[in-house]
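1. Give the three-dimensional model of this entry:
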Amino acid sequence: MPMDGFTAVADPTRRKIVETLALHGQLSATQISDQFSITAQAISQHLKILREANVLYMEKRAQRRLYRLNAASLKDIEAWAHRISELWEARFDAIQVILDDEDRATKTRENQDS
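-> A predicted model of the protein is given here:
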C-alpha cells in the first residue's frame, strides 16, 4: 500500500529530494543521486516511494528516467500546514487577549493602591 504525501516527505532524504527538484526542476535519477552521499539504489527506493505517493512524476525518455514535482500533491501539504498555522495563530491570539486583560487588571489594582 503506497504511503501518502505527508508520510513520504517525513523522511529527511525524501524532503531533500523534493527540495532539489524544486530548485532545479526536472532531473534524471542520476542527477538526483549525484546530490547525495548514499547509494544510487537507496535514492532509487526513495524516488519510488515519492512517486507512489504522487509527490513526484516520472517520465521515461529512452534509457533515462526524469523526475519532477507534482505541484498538486505539494499544494495539499501546503494547505494542511496553513490550516494548522491558522489554528495556532488563533490560539496565540486568545492567549494574548487573556494576558492583556490580566495586565490591565494588574495596572488597575496598582493605581487603586497608590
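2. going forward, measure contacts between C-alpha atoms and count neighbours the same way
-> Will do.
3. Below-threshold pLDDT in this structure: ranges please.
-> Filtered on pLDDT under 70, the chain yields the residue ranges 1-2.
4. In it, where's the longest helix?
-> For the chain, the longest helix by residue count, based on DSSP state H, is helix 71-113.
5. Tell me how far that helix lies from the chain's centre.
-> 23 Å (Cα atoms, centre = their mean, to the nearest Å).
6. Give me the helices and strands touching it, please.
-> Where contact means 3 or more Cα pairs under 8 Å, 6 or more residues apart in numbering; DSSP states H and E, helix 71-113 is packed against helix 5-8.
7. ok, then the element right after the helix it packs on?
-> helix 12-24 (DSSP states H and E).
8. Next, the angle from the longest helix of the chain to helix 12-24.
-> 100 degrees (axes from the mean of the first three to the mean of the last three Cα atoms, to 10 degrees).
9. 508 is where my numbering starts, stick with that
-> Right, with 508 as the first residue, what we last looked at is helix 578-620.
10. tell me the contacts of the closest residue in space to residue 527 that isn't next to it in sequence?
-> Spatial nearest neighbour of residue 527, chain neighbours left out: residue 539 (7.5 Å); criterion: Cα to Cα, 6 or more residues apart in numbering. Contacts here follow Cα atoms under 8 Å, 6 or more residues apart in numbering; on that basis residue 539 touches 524, 527, 550.
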